[in-house]
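Asks: I'll drop the sequence and a predicted model, then ask my questions.
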Amino acid sequence: MTSLPDDCAAARLRLAEAELALHQLQTGSRAQSLAFGPGKSVTYTQTNIRELQAYVNTLRDKVAACEGRSARGRGPVRFVF
């Protein structure tokens, strides 16, 4: 297995944390706080869950780019004659 650059490893860790926070918010466990960088954090609640979902999607895109793949599925193939 090849080692990922530090920013890719950090993105994978943040993605895991954000996905766990999203799960806990969606199941009503509690409000979640996430740290992203030195001295930076944000607390998510049910009222801003869409912001957390957007953050998770951004991290998924970053991790996918680090792995050399697309995070989003490919679209339909159309042939034009």
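Replies: Now that the structure is in, tell me what you want to look at.
Asks: Just the buried residues of whichever strand or helix holds T58, please?
Replies: T58 is part of helix 49-66 when elements are defined by DSSP states H and E. Within helix 49-66, the residues that count as buried by 16 or more other CB atoms under 10 Å are L52, Y55, V56, L59, R60, K62, V63. Every C-beta, even on glycine, is put in place using the N, C-alpha and C of the backbone.
Asks: For the residue nearest the centre of the chain, which non-adjacent residue is closest in space?
Replies: Most central residue of the chain, judged by C-alpha distance to the mean C-alpha position with CA atoms, centre = their mean, is V56 at 2.6 Å. The spatial neighbour of V56 that comes closest, neighbours along the chain excluded (CB to CB, 6 or more residues apart in numbering), is A18 at 4.8 Å.
Asks: go on, V42?
Replies: L34 (6.0 Å).
Asks: Buried residues in the helix or strand that the residue nearest to V56 is a member of, which are they?
Replies: In this assignment (DSSP H and E), A18 forms part of helix 6-26. In terms of neighbour count (16+ other CB under 10 Å), helix 6-26 has its buried residues at A11, R12, R14, L15, E17, A18, A21, L22, L25.
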